[in-house]
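[1] got a sequence here, can you build the structure:
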Amino acid sequence: MTEARCRLGQPDQFWPLIAELAWLSPGRLDDLLRRLDDALVVPLYKKFGIGFEGNGDVSDLAWFPAWTAVEKPALAVHLNQAQPGKQSAPERAMRLVIELLRLERHGRHQDLVERRKALRDLHAAIFATYMATR
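    Sure, this is the predicted structure:
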């Protein structure tokens, strides 16, 4: 279904599915992303593969949705539609990044400090990517 939505060019429908697939089966997401030719997804996938500091294997793709929310904040609205999963660290990181983006728009600096610390504790590389854009 994710591949079909991607090929139909329906980002509001495929980004949540990409996030869910990343958390549930990074290997299958890797297979899917290698087959796609989407003008936005593929460059993000390649950039993630080059610059993400993780384990260096396919399991890193579980963090792709959180990284994507930092890299392309406009996609956060779509990623936020992902169904709740098992509350894994990668899922919590994505939801935390989305919350940080919302707090930034509202100027809630005290809450930002607390949430940034939580993101840093979840994954240092996602936190570093986030802070590099601030």
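[2] for residue 93, which residues are in contact?
    For residue 93, the contacting residues are 63, 66, 119, 122-123, 126, by CB atoms under 8 Å, 6 or more residues apart in numbering. From N, CA and C alone the C-beta is placed, and that goes for glycine too.
[3] chain center to the strand or helix carrying it: distance?
    Assigning secondary structure by DSSP states H and E places residue 93 in helix 89-106. Taking CA atoms, centre = their mean, to the nearest Å, one finds the center of helix 89-106 at 10 Å from the center of the full chain.
[4] which residues are in contact with the helix or strand just after it?
    Going down the chain from helix 89-106, the next helix or strand is helix 109-122, by DSSP H and E. Identification of contacts with helix 109-122 by CB under 8 Å, 6+ apart yields 89, 92-93, 96-97, 99-100, 103-104, 126-127, 130-131.
[5] okay, those residues in a markdown table with pLDDT and distance to residue 25 next?
    As requested, the contacts of helix 109-122 are exported to a markdown table (pLDDT from 0 to 100; distance: CB to CB, whole Å):
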| residue | pLDDT | distance to residue 25 |
| --- | --- | --- |
| 89 | 97 | 16 |
| 92 | 97 | 18 |
| 93 | 98 | 18 |
| 96 | 97 | 22 |
| 97 | 98 | 21 |
| 99 | 97 | 25 |
| 100 | 97 | 26 |
| 103 | 95 | 31 |
| 104 | 93 | 31 |
| 126 | 96 | 20 |
| 127 | 97 | 25 |
| 130 | 96 | 25 |
| 131 | 96 | 29 |
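[6] now, which of the residues you listed sits nearest residue 54?
    residue 126 (9.3 Å; CB to CB).
[7] how about residue 39, secondary structure?
    Here residue 39 is coil, with the state taken from DSSP: H, G, I helix; E, B strand; the rest coil.
[8] that one: how many residues sit nearby?
    8 (other CB atoms under 10 Å).
[9] gap between residue 33 and residue 116?
    If you measure residue 33 against residue 116 using CB to CB, to the nearest Å, the figure is 29 Å.
[10] then residue 19?
    From residue 19 to residue 116 the distance is 21 Å (CB to CB).
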